[in-house]
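Visitor: model the following, please.
(one chain, ligands or ions: 1)
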Amino acid sequence: MGIRTGDQYIEALKSRKPEVWLNGKLVESIFDEPYFQQPILEIARLYDMQHDPAYQEDLTVICEETGERMAASFLPPRSYEDIMKRSKAFEVVARQTYGLMGRTPDFLNTVVTSLAQNSWFLSKYNKDWAANIESYYRHLRDNDLFLTHAIVNPQNDRSKTSHEQSDKFTHLGAVEERPEGLVVRGAKMLATLAALTDEVIIYSFPGFAPGDERYALAFAIPIDTKGLKIICREPVQDGTRSTFDHPLASRYEEMDALLIFEDVVVPWDKVFLYNNVEAANLLYPMTGIAEQPAHQSSVRGYIKLAFAVEVACKVADSIGVDQYLNVQRDLGELVQSVEVIRALLRTAEREYTMTERGEARLNPDALETIRGMMPEMYPRAVEVMQTIGAGGLLMMPTEADFLNPELRPSIDRHYGGREGVDAELRMKIFKLAWDLCGEAFGMRALQYERYYTGDPIRKRAIFYNKFKKQHNFDLVNSILAKENCLKEPQTN
Ligand SMILES: Cc1cc2nc3c(=O)[nH]c(=O)nc-3n(C[C@H](O)[C@H](O)[C@H](O)COP(=O)(O)OP(=O)(O)OC[C@H]3O[C@@H](n4cnc5c(N)ncnc54)[C@H](O)[C@@H]3O)c2cc1C
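Guide: Next up is the predicted model:
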């Protein structure tokens, strides 16, 4: 089939009925559910862009195997040109959603592409796993499917591993092997956009201990597979909020969910890893699933940060406070943080290396530095926005007030900004800012930057430990090696 249109994506959504729970109710029709409608249209728009002559060259490439167009995120990177082709595609998608939708289809396309490109690693343990991921990659690519993923065990008791939890199926694990497939039971988090996707892929961060064999799993299934329960978090919008009042929250709500597997049968040809703690722990370091998705998320994060910084600058300019030194200092800091991320991204792309098997991998240190800095830089941008917007963020009336002819003269008189910024423009700017720095939507977007790629604290500690192991400390060693003799005291 090749690249899908938005309509084809929506038709697929309408054709199935996954078990999605929202606000205590089973969702009857995903497409007709008001909470989901606008985000569905945003995703559909991304599929349509693949067919739009204005974007097609940036977003798609011709598949060598099929001769059809495919999303550029399915292109296995084998050169600098491939890296930059993908980078451009990630950026076009990110710009469309202002970086606020983190789990657009391109994200997991890169995960499956990197797993398939490195199937040699799985074949060391089981030839079928390698063949399964390769054919899954083709299935995903050729049908242009939309995936969610859940790779983290719910918190429950973090001081214990999976097999030590009081219930052995609190965390997702294998129950039994049957001829038709592997039966799995338990929960996994935090599947963003799960209700709106076609399929889900499960794998895990490293960290399995002996005894955790049943939890060492990787597989994929359609989102409407029997026994898969999707429980959504409390929504941040209800589908009726005005785009004037909530220009971002009303459009880009990415619903997160807990996935509970109630004796779900995973066909054997969709199992990529099972019952092998060593393979599960090495999956990240050996297959590039850290780097390829990190490329997508770095580009997206860069756009999101750049957007937040632009909003902060507009807030300051609209009320004339950016003439003050302290405000200029804060905004200058934010602009520099965008430049830091941009520079790191370009470094990661330029300083790629080729693996023995021909994969072009971005510089992992630069990518990890982006992932280490963003959890501080993005919240800082939000904090500066709150500080500069101050009380003004809390006095904005609604679209209904604005449209009321009785109120309008007062609004026009009292809600304007500096000269040249009328009440409508100022309200629009401040409402953008409020969605980012006050609304639940904005707090979720902030929490996303902190945690979407794992715990930033432990990730930074891992980064330091790797540095210590691999770095030769030649600068300091060279001075230590010099003969810095203590001078003998001069005697006359
Ligand atoms: C908005 C959002 C969207 C997300 N989307 C997805 C998604 O689509 N798919 C997906 O799979 N995941 C997703 N995630 C989940 C994300 O991967 C996890 O939140 C992240 O890995 C952190 O894990 P945790 O939330 O369980 O925190 P925990 O690991 O439980 O950490 C909680 C706190 O305890 C500390 N802590 C916990 N364990 C230890 C330890 N062993 N040593 C030292 N300190 C410890 C941490 O430092 C942290 O401060 C999303 C998260 C967010 C916030």
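Visitor: neighbours of residue 89, how many?
Guide: Neighbouring residues of residue 89 were enumerated by other CB atoms under 10 Å; the total is 26. For every residue, glycine as well, the C-beta is placed using N, CA and C.
Visitor: use 31 as the first number for this chain going forward.
Guide: Sounds good: first residue 31 from here, last item residue 119.
Visitor: what does it show for phi and psi?
Guide: The phi and psi values for residue 119, taken as degrees, to the nearest 10, are phi -60, psi -40.
Visitor: and the end-to-end length of stretch 245-264?
Guide: Start and end residues of stretch 245-264 are separated by 28 Å (CA to CA, to the nearest Å).
Visitor: show me which residues of the chain sit near the ligand.
Guide: Taking CB under 6 Å from any ligand atom as the measure of proximity, the chain contacts the ligand at 133, 179-182, 185, 188, 220-222, 286, 474, 477-478, 481-482, 484-485, 487-488.
Visitor: quick one: the strands in the protein?
Guide: When assigned using DSSP state E, the strands of the chain occupy the ranges 49-52, 55-56, 90-92, 99-101, 177-180, 203-208, 211-218, 229-232, 247-252, 258-262, 287-296, 301-304, 383-384, 390-391.
Visitor: low-confidence stretches in the chain?
Guide: 514-522 (pLDDT under 70).
Visitor: center of it - which residue?
Guide: residue 132 (3.6 Å; CA atoms, centre = their mean).
Visitor: tell me who's in contact with it.
Guide: Residues near residue 132 by CB atoms under 8 Å, 6 or more residues apart in numbering: 222, 284, 327, 330, 478, 482.
Visitor: what about residue 409, how many neighbours?
Guide: The number of residues packed around residue 409, counting by other CB under 10 Å, is 15.
Visitor: that one against residue 477, yeah?
Guide: No - the pair residue 409 and residue 477 fails to qualify as a contact (CB atoms under 8 Å) at a distance of 9.3 Å.
Visitor: which residues touch the residue of the stretch 231-380 of the chain found nearest the ligand?
Guide: Closest contact between the stretch 231-380 of the chain and the ligand, by CB to the nearest ligand atom, is at residue 286 (5.2 Å). Remark: with contacts taken as CB under 8 Å, 6+ apart, residue 286 is in contact with 220, 221, 222, 223, 224, 262, 263, 474.
Visitor: please apply the same query to residue 69.
Guide: Applying CB under 8 Å, 6+ apart as the definition, the contact partners of residue 69 turn out to be 131, 223, 226, 281, 282, 283, 284, 285.
Visitor: ok, it to residue 315 distance?
Guide: Between residue 69 and residue 315 the distance, using CB to CB, to the nearest Å, works out to 34 Å.
Visitor: just residue 227 next, same as before
Guide: Look at residue 227 and residue 315: by CB to CB, they are 27 Å apart.
Visitor: which of these two has more neighbours?
Guide: Neighbour count, other CB under 10 Å: between residue 227 and residue 315, residue 227 has more, with 27 against 12.
Visitor: right, and the more buried one touches residue 178 too?
Guide: Yes - counting by CB under 8 Å, residue 227 touches residue 178, with 4.3 Å between them.
Visitor: and residue 365, how many neighbours does it have?
Guide: By other CB under 10 Å, the burial measure for residue 365, its neighbour count, is 15.
Visitor: excluding its backbone neighbours, what's nearest residue 225?
Guide: Once flanking residues are discounted, residue 225 sits nearest to residue 50: 4.4 Å by CB to CB, 6 or more residues apart in numbering.
Visitor: for residue 250, that is, sorry about that
Guide: Per CB to CB, 6+ apart, closest to residue 250 is residue 231, 4.3 Å.
Visitor: then residue 168?
Guide: Once its chain neighbours are removed from consideration, residue 168 has its nearest residue in residue 95; the separation is 7.5 Å (CB to CB, 6+ apart).
Visitor: give me the number of residues near that neighbour?
Guide: 9.
Visitor: do you know how far it is from residue 398?
Guide: Counting by CB to CB, the separation of residue 95 from residue 398 is 32 Å.
Visitor: now swap in residue 327 and tell me
Guide: Look at residue 327 and residue 398: by CB to CB, they are 12 Å apart.
Visitor: now do residue 94
Guide: Residue 94 sits 31 Å away from residue 398 when distances are taken as CB to CB.
Visitor: which residues touch the residue lying closest to residue 120 once chain neighbours are set aside?
Guide: In space, residue 120 comes closest to residue 329 once its chain neighbours are excluded; the distance is 3.9 Å by CB to CB, 6+ apart. Applying CB under 8 Å, 6+ apart, we find residue 329 in contact with 117, 120, 121, 124, 375.
Visitor: the closest residue to the ligand within the stretch 181-330 of the chain: neighbour count?
Guide: Nearest to the ligand in the stretch 181-330 of the chain, going by CB to the nearest ligand atom, is residue 222, at a distance of 3.4 Å. If you count neighbours by other CB under 10 Å, residue 222 ends up with 22.
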